[in-house]
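> sequence and predicted structure are below.
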Amino acid sequence: MRQIECEFETIGERARIAVLYLNNPHTRNSMTLEMGMAFNNQLHSLASEDPPVRAVVITGRNGVFSSGGDFGLLRSFADKDPEENQRYMSSFYRLFLDIRDMPFPAIAAVNGHAVGASLALALACDLRYFVPDGKYALNFVRIGIHPGMGSSFLVKEVAGLHNAQELLFTGRYINGEECLRRGLCHALYSPDEIAARAIDTAREIATAAPQAVRLLKRGLYRSETLEAALEYESASQAQNYATRDFREALDSIDEKRKPVFRDE
């Protein structure tokens, strides 16, 4: 099964857009290593085309966007040493976050819930559309770990420090309406129309001057660095994976109960 599917639409002469679908139906499109490698390979393939596509839409198959980090992958970290986990997380996140360095704008059509790493992926895109009744959270501290996937950097960049403080420290779930009020997304659409509206925006971008768009994409985010945030996140998460509270969080998910954290 292909965890990333790609479809193209021709806009005009030498102008195409691409739609990438997250597709892991057995785990609600959770973000596995296989998905990350396929996603990264597809991005670089699109960027190497001559000419490259003008815009990319990222959305989900199976009526969902993504449940975030893969639970089986998360559980495996509890039995590995911190140095190994740090190396793994740093490289794993970059498989998805290379979207920031692509020459084309990326539009996230978040057609359902987006939690943890999957919400961070949406924040790494240039434009974001959500659904009103979706559940959105950067819930890392609720599962015993420091925020990851660049979220401690990206939410500040997108919605400001005051929103980052509240959403990251609490791990609170909010709906699409609140995301729009907080500036986390650009617009809300129904699940039935969100992909089409995102594609409409991609078409609009595709009609602009492509070199100007590529230069804009390259320069828009250069005022701060993501690398420092990623290094700190991977180091912090590596420490968290060794704690009892991390194991307690995983156990509570298995047992369908609230976790009891003991600062251990």
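Arrived safely, thanks for sending. Numbering: from 1, shown residues only.
> ok, which stretches of the chain are strands?
Taking DSSP state E as the criterion, the chain carries its strands at 4-12, 15-22, 55-60, 106-109, 114-115, 127-130, 135-137, 174-175, 187-188.
> contacts for the third one, please.
By that I understand strand 55-60. Strand 55-60 is contacted from outside by 17-23, 29, 43, 46, 65-66, 99, 102, 104-112, 121-122, 125, 194-195, 198-199, 201-203, 205-206, using CB atoms under 8 Å, 6 or more residues apart in numbering. The C-beta positions use only the backbone N, C-alpha and C, and glycine is treated the same way.
> ok, 7 Å please
Under the criterion CB atoms under 7 Å, 6 or more residues apart in numbering, residues 17-22, 29, 46, 65-66, 104-109, 111-112, 125, 195, 198-199, 202, 205-206 lie in contact with strand 55-60.
> the helices in the stretch 1-150 of the chain, which residues?
33-48, 71-77, 82-97, 117-124 (DSSP state H, counting those that start in this stretch).
> where's Asp133 relative to Asp245, distance?
Relative to Asp245, Asp133 is positioned 31 Å away (CB to CB, to the nearest Å).
> cool, Asp70 as well?
Here Asp70 is placed at a distance of 20 Å from Asp245 (CB to CB).
> ok, those two, which is more surrounded?
The neighbour comparison of Asp70 against Asp245 (other CB atoms under 10 Å) goes to Asp70, with 21 against 18.
> the closest residue to the more buried one other than its chain neighbours - how many residues pack around it?
With sequence-adjacent residues excluded and distances taken as CB to CB, 6 or more residues apart in numbering, Asp70 is closest to Ser30, at 4.0 Å. As a burial measure, Ser30 scores 23 neighbours (other CB under 10 Å).
> now for Ser30: which residues touch it?
Contact analysis of Ser30 by CB under 7 Å, 6+ apart lists 24, 66-71.
> and the pLDDT for it?
The predicted local distance difference test score for Ser30 is 94.
> again, but for Asp263
Here, the pLDDT recorded for Asp263 equals 68.
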